[in-house]
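[1] I'll drop the sequence and a predicted model, then ask my questions.
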Amino acid sequence: MTRLPAVGGRGHDAEAVLAALARTAGDVAAARRVARQFADLDEGERSALLWSEDPGARLVAVLLLVHAMRADPDPELTDEYLAAAKAERLDDPVLVDLGAEELVGAPLVGASTGPLFALVKSDVAMVRRIAVVATLAFAKQGDAEVPLAIAGRLVRERGDTVQSALGWVLRETGKRASESALVAFLERNGRFLTVAARATATEHLPSAERDRLRG
């Protein structure tokens, strides 16, 4: 196979991306390198990757969407990502965790959060995970209210797709926004979290508080 140029994506297509990805270990770090190499891939070819049956192609596509959003924020990028999620193309939590904050959450900071609460009602578990992970954008701005409100609507869900995200986002909300608000939330709702999610949510707290809330 002829090696493709090492830099630039202009003039390349989705097949070239797949060929480049095939020469790697196929992990997230490798996907990041490929995404940087093909950062100028056009929208149609990026869409082909996002809707591909190849898991690595979808991973690169999500990273390309994130790169595009950083370079030139556009609600159509959010729409493209969510369309794939709602069609159950994002079948790996990694695809949510790499994209949801910047593609869904960040554009809503300082705007209406109605779209986040609409995602909570989806019958697709990965879309509900997006609603949770997207709120990291708020926590990083010191806002505990939005993450905890979303968590409150999903805390009774038993599936690990959502519960694992809850543990992670609750922890970050306590660390970056308000520890006291997190503790109050866990006092009300902690019993609904799985053991693993509760352990993650409390791991940064002082040992006595952590033990009490895990109890």
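    Yep, that arrived.
[2] how much space between residue 117 and residue 161?
    Distance of residue 117 to residue 161, given as CB to CB, to the nearest Å: 18 Å. Bear in mind the C-beta positions are built from the backbone N, C-alpha and C, glycine included.
[3] Okay, domains of the chain per the record?
    What the record gives for the chain is the domain set 1-72, 90-214, from automatic domain parsing.
[4] okay, the ones you listed in CSV with distance to residue 82, mean pLDDT and mean neighbour count next?
    Shown next, in CSV, are the domains of the chain (distance: least, CB to CB, whole Å; pLDDT from 0 to 100; neighbours: other CB atoms under 10 Å):
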stretch, distance to residue 82, mean pLDDT, mean neighbour count
domain 1-72, 11, 87, 17
domain 90-214, 7, 98, 19
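[5] Using a markdown table, lay out those domains together with distance to residue 84.
    Conversion of the domains of the chain to a markdown table gives the following (distance: least, CB to CB, whole Å):
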| stretch | distance to residue 84 |
| --- | --- |
| domain 1-72 | 5 |
| domain 90-214 | 6 |
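[6] Okay, and the closest residue to residue 175 other than its chain neighbours sits in which element?
    Nearest non-adjacent residue to residue 175, counting by CB to CB, 6 or more residues apart in numbering: residue 204, 5.4 Å away. Of the helices and strands defined by DSSP states H and E, none includes residue 204.
[7] correct me, but residue 204 touches residue 171?
    Yes. The pair residue 204 and residue 171 qualifies as a contact (CB atoms under 8 Å) at a distance of 5.9 Å.
[8] about what we covered before: so for residue 78, which of the domains of the chain sits nearest?
    Residue 78 lies closest to domain 90-214 among the domains of the chain, at 5.3 Å (CB to CB).
[9] start to end distance for the closest one?
    32 Å (CA to CA, to the nearest Å).
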